[in-house]
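Trainee: Prediction below, plus the sequence it came from.
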Amino acid sequence: MTKQEKIRKMLEMQKRFMEKEQRDGVSMKEYLSPSEGSSLDNYREEYTKLAMEIVDDAHGEVGSKR
């Protein structure tokens with residue numbers, strides 16, 4: 001997956017999260033410890049993984065290390 005595809009996926013994830021939050025609300029418990037199978041299940045983990053991959057990609061582009 002390219003850096004641009006990762007960014008697109010993150011933006012889509014943010015959009016779906018905001019729609020859910022505005023429609024149903026999201027409690028701190030639901031965000032931090034979502035029920036298995038809920039729309040937030042693995043959300044934080046996947047989002048964080050993509051963000052760290054983008055950071056690594058950016059460092060690779062400029063030849064630096066984090």
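Mentor: All right, it came through fine. Values in this document were obtained by computation on a predicted structure and should not be read as measured data.
Trainee: going forward, measure contacts and count neighbours with C-alpha atoms only.
Mentor: OK.
Trainee: Which of the three states applies to the residue nearest to the spatial centre of the chain?
Mentor: The residue lying closest to the centre of the chain (CA atoms, centre = their mean) is residue 47, at 2.0 Å. Three-state call for residue 47 (DSSP: H, G, I helix; E, B strand; the rest coil): helix.
Trainee: wait, doesn't it sit right on residue 10?
Mentor: Yes. Counting by CA atoms under 8 Å, residue 47 does reach residue 10; the two are 6.4 Å apart.
Trainee: circling back to that earlier point, what about the residue nearest to the centre of the chain, distance to residue 54?
Mentor: 11 Å (CA to CA, to the nearest Å).
Trainee: same check, this time on residue 14
Mentor: From residue 14 across to residue 54, the span is 16 Å (CA to CA).
Trainee: quick one: which of the two has more around it?
Mentor: For the pair residue 14 and residue 54, the greater number of neighbours falls to residue 54 (18 against 14), based on other CA atoms under 10 Å.
Trainee: Give the helix, strand or coil label for that one.
Mentor: Under three-state DSSP, residue 54 comes out as helix.
Trainee: Now it. Nearest residue, chain neighbours left out?
Mentor: residue 3 (5.9 Å; CA to CA, 6 or more residues apart in numbering).
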